[in-house]
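> Fold the stuff below for me.
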Amino acid sequence: MKLTLWTYEGPPHVGAMRVATAMRDVHYVLHAPQGDTYADLLFTMIERLPRRPPVTYTTFQARDLGKDTAELFKQSVQAAYERFKPAAMMVGSSCTAELIQDDPGGLAASMTLPVPIVPLELPSYQRKENWGAAETFYQMVRAMCQGKTPARRASVRPRCNLLGPTALGFRHRDDVTEITRLLDAIGIDVAVVAPLNATPADLAELINADFNVLLYPETGQLAASWLERQFGMKFTRSVPIGVNATHEFIREVCGLASIDPPSAAPGSLRANWYARSVDSTYLTGKRVFVFGDATHAIAAARVAAEEMGFTVVGLGTYSREFAREIREAAKHYGVEPLITDDYLEVEAQIAELHPELVLGTQMERHIAKRLSVPCAVISAPVHVQDFPARYAPQMGFEGANVMFDTWIHPLMMGLEEHLIHMFREDFEFHDGAAPSHLGGIAASPAAPSNDEAKAVAQASITARGDSAVAVHPDSLASRNDEIIWAPDALKELNKIPFFVRGKARRNTERFAIERSVSPITVETLYDAKAHFSR
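A predicted model of the protein is given here:
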C-alpha cells in the first residue's frame, strides 16, 4: 500500500456499491467508520443520479471501538430493513472496518430477517473496485438462482440477458439502449438486463433466457461463467465496440440464437465513410497511446488501428485481472504492454512515446493536458463530463459514430488552434485588425517593446506547460544551463504545432548537447529535424 494523489480503482466495497446502486429493491449495509461515507458523492455528484445510493453505514467512531461494534452493526441492519423494506440485502465491511473483524455476514444471518441476506467478503487489501463489483454481482446471482430450475418458454424469438452494466460505468446506460435496439433489429429479445435496473426477482429470471450477452467482462464475467457451469447458458465473447467488433458480435449472437445473420447492418453507420473521407485522410498513421480498463483499451486499440488508420504505439491497463488479454493484444500491435495502477508510470510512458493522441481515462486526460497532447476519454474512471445528458453510447454502430467524433475532434481542434497561433501576427488576422465585412481597414499592430515581447513569449511558454520550450526569448537556459536558445530559433520553434512541439524541442536539445552546439539557432533546429527524420 502506498500514498497516492490518484487511483484508478477504489476499494472493493465501492464496487459492491456500484452493483447495489444499479439495482432496484436491494439495500447494502456497510460496516464502516464515518470517513468511508465519501463514496456517496461518486454517484450523486459525478454520475448525477437523482437519488442516494441504497447504502446504510454503521458509521462507528473511535470511541465505539472500546464498545460492542458488532451490536452497532446489527442495529444498523435492523433499522435499514424496517425503513427501506428491500427484497434482498447485502452486508459487508469497508477497508477500515475489515480490520476489526466483526463478521457482518454471520451477524446478519443470526438476525433471521424475512429477506435473503447476501454476505460479501471483499478483501480490501488484495483486490480492488472492479473485482468487488464482479464478486458482488456473482454472489447476488448465485443467491437468487441457486437451486432453481430453468423454465425456458418456447417463444417466437430467441431471448438473451445483458450482463455487466453497473452504476458509475462508462456509458453503460446508453450502451444497454443501443445493444437492446441492435438485438431487436436482428430478431432477438432482451429478457433481463443486470445488474443495471434489475431487482432480485429479475436475477432469479436470468436462467430462463436462452443465452447471455456479456457486455463488460470486468464486472459480469464471474456471473456469466457461473451461469454457464450451472445451467448450460452460453455467453458471448465479442464486445461490440467498433464497427468490425459489432459485425463479429452480430454473427456470434445469431449463432447462439440459431438464426441467420442479417444481410445488411441495422442502424445508421457513418463512421466508416467519415474515416475514409478526404477530411480525415490526414489522420492516417497518427501515433496513439491507449490506456484504460482492459475491455475498453483492447477495443479502442483495435478501432484505432483497423478503422481509423492510426498507429498504436502504447497499450496498457490498470486491470491486473485481465493482464493476459492486454499482453496478447499488445503482441498483436508489436508494443510493450503496460500493466500498472500507478498513474506516474503511465505519464512517464506517454512522455517517452510522444504520441499524437491519447485514449484513456480521466487521469490520462490530465496527463495529456500537461503534455499538450490531444486526448479522448474511452474508459472509467471518468468525471462528470463523461456522464452526458445526451445519448452517447460506445457500443454498436451508433457507438462507432460517437467514437469517431470523440477521437477526431481533439486532433482537428489541435490543428485549428495551431493555425490560429501561426497567423496571430498576420496583417489580416492580428488582434487590431478590423472585421473584413467592415472594410478591413485598421492599423498594423504596433511592434511590441523588448520587455513586452519577453513577457508574451514567457506567458505562451507557461501556458503550454512541459510541451513548450521553457526558455526566454533572450536565450535563457531550458532545463539545463548549457542549453541556450537564440531568439530567432525560439520563434521558429513556436511555429511547430503544439502537439509535437515538445518532441521537436527534446530532439533538438539532444542533438545540440551531443554536438556541443550553443546557442541553438534556426540552422541547428533544421539540422536536428533532418537528423531525426532519417
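
> wait, what's in contact with Gln212?
Quick fix: residue 212 reads Asn, not Gln. When contacts are counted by Cβ atoms under 8 Å, 6 or more residues apart in numbering, Asn212 is found next to Cys160, Asn161, Leu162, Leu163, Leu206, Ala224, Leu227, Glu228, Met233, Lys234, Phe235, Thr236. Bear in mind the C-beta positions are built from the backbone N, C-alpha and C, glycine included.

> Go through those and flag which are in helices.
The members of these that map onto helices under DSSP state H are Ala224, Leu227, Glu228.

> Please give the element, helix or strand, for Tyr274.
Under the criterion of DSSP states H and E, Tyr274 resides in helix 271-276.

> Show me what that helix is packed up against.
Where contact means 3 or more Cβ pairs under 8 Å, 6 or more residues apart in numbering; DSSP states H and E, helix 271-276 is packed against helix 396-422.

> if we can go back for a sec, so for the helix holding Tyr274, what gets flagged as buried?
Buried residues in helix 271-276, counted by 16 or more other Cβ atoms under 10 Å: Ala271, Asn272, Tyr274, Ala275.

> Farthest pair within these?
Checking those against each other with Cβ to Cβ, the farthest-apart pair comes out as Asn272 and Tyr274, at 7.3 Å.

> By neighbour count, which of the ones in helices among the contacts of Asn212 wins?
Among the ones in helices among the contacts of Asn212, Ala224 has the most neighbours (other Cβ atoms under 10 Å), with 28 neighbours.

> Could you check how far that one is from Val14?
From Ala224 over to Val14 the distance is 22 Å, taken as Cβ to Cβ, to the nearest Å.

> And the ones in helices among the contacts of Asn212, which is closest to Ile298?
Each of the ones in helices among the contacts of Asn212 was checked against Ile298 using Cβ to Cβ; the closest is Ala224, at 17.6 Å.

> for that closest one, what are its contacts?
With contacts defined as Cβ under 8 Å, 6+ apart, the neighbours of Ala224 are Leu163, Asn212, Leu214, Met233, Phe235.

> which residues touch the spatially closest residue to it that is not a sequence neighbour?
On the basis of Cβ to Cβ, 6 or more residues apart in numbering, the spatially nearest residue to Ala224 that is not a chain neighbour turns out to be Phe235, at 4.2 Å. Contacts for Phe235 (Cβ under 8 Å, 6+ apart) come out as Leu163, Phe211, Asn212, Val213, Leu214, Ala224, Ser225, Leu227, Glu228.

> surely the fourth one meets Lys234?
No: counting by Cβ atoms under 8 Å, Val213 sits too far from Lys234 to count as a contact (10.2 Å).

> who's more crowded, the two?
When Val213 is set against Lys234 and neighbours are counted by other Cβ under 10 Å, the residue ahead is Val213, at 27 against 15.

> Pairing partners for that one in the sheet, please.
Here Val213 sits in beta bridges with Leu162, going by DSSP bridges.

> any idea how far it lies from Ala194?
For Val213 relative to Ala194 (Cβ to Cβ), the value is 11 Å.

> Now the common contact residues for the two.
When Cβ under 8 Å, 6+ apart defines a contact, the residues bordering Val213 and Ala194 alike are Asn161, Leu162, Leu163.
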